[in-house]
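Engineer: have a look at this prediction, sequence included:
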Amino acid sequence: MAAENGDNSLAAPLDTCRIPESALYNAALMTSAEKQLPPIFPHRHLLGIEGLSAADITALLDLADTYVEQNRQVDKKGSVLRGRTQINLFFEASTRTQSSFELAGKRLGADVMNMSVGSSSVKKGETLIDTAVTLNAMHPDLIIIRHASSGAVELLSQKVSCSVVNAGDGAHEHPTQALLDALTIRRRKGRIEGLTVAICGDILHSRVARSNILLLGAMGARVRVIAPPTLLPRGIDRFGVEVFHDMRKGLEGCDIVMMLRLQLERMSGSYVPSQREYFHYFGLDYEKLGHAKPDALVMHPGPMNRGVEIDSAVADDINRSVIREQVEMGVAVRMAVLDALARNLPNELRI
Ligand code: CP
């Protein structure tokens, strides 16, 4: 061979191996589609935790771990979504989910548009599907949707040509919340499998509870639900959870205590005698928390109703509560979801 017999005439001169300045300049201008990363998530949309495998969930959590580190740097900016357009379409109020999806998209280099539904043509009677088809004509790559009706996000995903992420649909699913909860647990406890997690409160109206039950079950955790009978859906035991109506018994030996608020906006009629009585029986205070393991973590997806489902002192206890960490993990998880879905987007022009 040329290199072995000392004849290196076939080897390229060193200079020609250098990347020309112009090529470097062009590389900097390459869109995410041109420098596409290998796929890690075999789904076009993220509509729920249902249908995801443990491997799918682990791939998203592993990628999110890298974004936690990126988000702790002074320069948080990446470019995997450069050239991509992301629309946040929120038909319901949100603080955490909408702002973290916006930050996530911007930190990955996407053009992010927040659709203000209050000032959109929805107010003039435009249907949900017409709104989606109209936005689709603007060639977005990713649409993030929150809607009050269960199933609305899946319906919209069938009407558009881009990837869709469910940011919460009615009492159905909130997959990125469950993923960020899982990331928080995995980083704190080093694992999810084998942990005992108690989800406490208004399970009936909670999409967070449903997504968490599915995810934690898929990852091998033992899940308990603790609530008055009025706030539990019929057939909850079919989800493979243990049901408790007593906080002290339900929290016995738990690793994770996940509190949920009373979703008053989804209630018609009275589900609890009074908020004061509800706190007495189901609100998390130090006395009830004392029944969980000494190192049990307290979680809450927010927004919190202090003094209703959780005592303020417990919520703010930095030795027990990871509520603020959940918010931090939310940005990283949403970056991972956007990145993973964008890797599956087509490279060619779509007309
Ligand atoms: N946890 C959650 O979905 O919060 P937001 O309603 O503020 O988005």
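Structural biologist: Sure, I can see it. Numbers count the residues shown, from 1 in each chain.

Engineer: settle this for me: K159 is touching T131, isn't it.
Structural biologist: No: between K159 and T131 there is no contact under C-beta atoms under 8 Å: 9.7 Å. No exception for glycine: its C-beta is placed from N, CA and C like everyone else's.

Engineer: and the residue in the stretch 151-300 of the chain positioned nearest to the ligand, which of the three is it?
Structural biologist: Nearest to the ligand in the stretch 151-300 of the chain, going by C-beta to the nearest ligand atom, is Q177, at a distance of 5.3 Å. At Q177 the chain is in helix, as set by DSSP: H, G, I helix; E, B strand; the rest coil.

Engineer: pLDDT at it, what is it?
Structural biologist: pLDDT for Q177: 98.

Engineer: got a list of what A148 touches?
Structural biologist: Counting by C-beta atoms under 8 Å, 6 or more residues apart in numbering, A148 touches 91-92, 169-170.

Engineer: compare these and tell me which is most surrounded.
Structural biologist: D169 (26 neighbours; other C-beta atoms under 10 Å).

Engineer: list the contacts of the residue nearest to it when sequence neighbours are not counted.
Structural biologist: In this structure, D169 finds its nearest non-sequential neighbour in V153, 4.5 Å apart by C-beta to C-beta, 6 or more residues apart in numbering. Contact partners of V153, counting by C-beta under 8 Å, 6+ apart, are 47, 145-147, 164, 166-167, 169.

Engineer: and the stretch 51-200 of the chain, which residues reach the ligand?
Structural biologist: Taking C-beta under 6 Å from any ligand atom, the part of the stretch 51-200 of the chain that reaches the ligand is made up of 94-97, 168, 177.

Engineer: out of K159 and T131, which sits in the more crowded spot?
Structural biologist: T131 (19 against 15).

Engineer: tell me if the biggest helix by length in the chain is near the ligand.
Structural biologist: Determined from DSSP state H, the single longest helix within the chain is helix 323-342. No: legend: contact between helix 323-342 and the ligand by C-beta under 6 Å from any ligand atom is lacking; minimum distance shown is 7.8 Å.

Engineer: now do the buried residues in that helix.
Structural biologist: By 16 or more other C-beta atoms under 10 Å, the buried positions in helix 323-342 come out as 323, 325-342.

Engineer: quick one: mean pLDDT for it?
Structural biologist: What helix 323-342 shows for mean pLDDT is 98.

Engineer: next one: stretch 297-304
Structural biologist: Per-residue pLDDT over stretch 297-304 has a mean of 97.

Engineer: what's the end-to-end length of it?
Structural biologist: 16 Å (C-alpha to C-alpha, to the nearest Å).

Engineer: related to what we said a few turns ago, and the residue nearest to D169, how far from V241?
Structural biologist: Remark: distance between V153 and V241 (C-beta to C-beta, to the nearest Å) = 24 Å.

Engineer: repeat for F279
Structural biologist: Distance, F279 to V241, using C-beta to C-beta: 23 Å.

Engineer: if we can go back for a sec, out of the residues of the stretch 51-200 of the chain next to the ligand, which is nearest to S120?
Structural biologist: Using C-beta to C-beta, S94 is the member of these that sits closest to S120, with 15.6 Å.

Engineer: name the helix or strand for the residue nearest to the closest one when sequence neighbours are not counted, please.
Structural biologist: Taking C-beta to C-beta, 6+ apart, and ignoring the residues beside it in sequence, S94 has R146 as its nearest neighbour in space, at 5.9 Å. R146 is part of strand 142-147, with elements assigned from DSSP states H and E.

Engineer: so for stretch 256-271, mean pLDDT?
Structural biologist: Mean pLDDT, computed over stretch 256-271, is 86.

Engineer: buried residues, it. List them.
Structural biologist: 256-263, 271.

Engineer: check whether it contacts the ligand.
Structural biologist: No: for a cut-off given as C-beta under 6 Å from any ligand atom, stretch 256-271 has no contacts with the ligand; the smallest distance is 9.5 Å.

Engineer: send the alpha carbons of that stretch over as CSV?
Structural biologist: Presented in CSV, the C-alpha positions along stretch 256-271 are these (Å, rounded to 0.1, in the frame of the first residue of the first chain):
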residue,chain,number,x,y,z
ILE,A,256,-42.4,10.0,46.1
VAL,A,257,-45.4,12.0,47.1
MET,A,258,-47.0,13.7,44.1
MET,A,259,-49.7,16.2,45.0
LEU,A,260,-52.4,17.4,42.6
ARG,A,261,-54.7,20.5,42.9
LEU,A,262,-58.5,20.4,42.9
GLN,A,263,-59.3,21.2,39.3
LEU,A,264,-62.3,23.4,40.1
GLU,A,265,-62.5,24.5,36.4
ARG,A,266,-63.4,21.0,35.4
MET,A,267,-65.9,20.4,38.2
SER,A,268,-69.6,20.9,37.9
GLY,A,269,-71.2,20.3,41.3
SER,A,270,-69.6,19.6,44.6
TYR,A,271,-66.9,16.9,44.9
